[in-house]
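J.: Next comes the sequence, and after it the predicted model I'd like to discuss.
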Amino acid sequence: MRNQTIEVTRVLANTLYQFCRNGLSININGEFPTSGYMVSFYGGPVFNSIADVDVSQVKKFLDDNLPYNEGYYAGVWTDEKTGKIYFDVSYCYDNLQDAVRRAVNADQIAIWDVEGNKEIRTNQVVFPDGSTARDYKV
């Protein structure tokens, strides 16, 4: 029975991946963010492809790390450059500068622009005042 459950979960994960190829965030109430910028707080399992995803490893990580507080989300993100799949716990920030500040100090590769539906590489951010993400490193 356990193997059947894992296989069903793998099929669901693969189907979900096909629809949300770049990433997905969902909170404990089953809600998706509609605006803001997603920033990972707790890096979790990383896999080279969807075929490599170990569902039990992801579940354990989320059980151990997902806070039951508003604003926190379970997330999955596919790095556009490497194709690696990252599972994490993320927080949704309202503004770009706060998101970048947190991401840079957490050594994150990128953040996710929810409304723009795109990845923003932290090393490529330049703000109107000329400051860059590196200026936020503490």
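T.: Everything's here; your move. Residues are numbered from 1 along each chain as shown.

J.: So which bits of stretch 37-47 are buried?
T.: Tyr37, Met38, Val39, Ser40, Phe41, Tyr42, Gly44, Pro45, Phe47 (16 or more other CB atoms under 10 Å). All C-beta atoms are positioned from the backbone trio N, CA, C, and that covers glycine.

J.: From those, pick the one nearest Gln97.
T.: Tyr37 (9.6 Å; CB to CB).

J.: quick one: Asp79 and Trp112 touch, right?
T.: No - the criterion here is CB atoms under 8 Å, and Asp79 misses it with Trp112 at 11.3 Å.

J.: Residues in contact with both of these two, list them for me.
T.: Glu119 (CB atoms under 8 Å, 6 or more residues apart in numbering).

J.: the more surrounded of those two?
T.: Trp112 (25 against 16; other CB atoms under 10 Å).

J.: does the more buried one really touch Gly23, like I thought?
T.: Yes - contact criterion CB under 8 Å: Trp112 and Gly23 qualify, at 5.6 Å.

J.: overlap in contacts of those two?
T.: What both Trp112 and Gly23 touch, as defined by CB under 8 Å, 6+ apart, is the set Met38, Gly75, Trp77, Glu119.

J.: Remind me which helix or strand the first one belongs to.
T.: Using DSSP states H and E, the element containing Met38 is strand 37-47.
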